[in-house]
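Q: From the sequence below, what's the structure:
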Amino acid sequence: MTEVPVNEMSFEDAIRELEQVVGKLERGDVALEESISLYERGAALKKRCETKLKEAEEKVAKITLGEDGQPSGTVPLDD
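A: Prediction:
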C-alpha cells in the first residue's frame, strides 16, 4: 500500500489516518522503530488537520451577510 503524501490529503483522510496511527500506538504492539515512524507520521497528520481547519475557519470568517442577514458572498482572504 502506497502512503499518500500528507500535504495532499483532505482533512477527512488525514483525521481518519491519524485515528489509525493513534490506535496502533495505544495498543503498543509495534516495534520501537515502527513506533517512531508512526509518531512522526501522526505529527505530520495532526499538523495537516490543523492547517485545513484553519483554512476552513478563515473562509467562514470571510462570508459576508446581506441586509437580510443571509450569506451573500465572500470577500478575499487577503483583505
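Q: Would you quantify the distance from the residue nearest the centre of the chain to Ser72?
A: Residue closest to the mean C-alpha point of the chain, counted by C-alpha atoms, centre = their mean, is Cys49 at 1.5 Å. Using C-beta to C-beta, to the nearest Å, Cys49 is found at 30 Å from Ser72. For every residue, glycine as well, the C-beta is placed using N, CA and C.
Q: buried residues in the worst-scoring helix or strand of the chain on mean pLDDT?
A: Lowest by mean pLDDT, DSSP states H and E among the helices and strands of the chain is strand 71-74, with a mean of 70. Neighbour-count burial for strand 71-74, counted by 16 or more other C-beta atoms under 10 Å, picks out no residue.
Q: any residues touching it, and which ones?
A: 59, 62-66 (C-beta atoms under 8 Å, 6 or more residues apart in numbering).
Q: starting at the chain centroid, how far to it?
A: Offset of strand 71-74 from its chain centre (C-alpha atoms, centre = their mean, to the nearest Å): 25 Å.
Q: Appreciated, that's everything.
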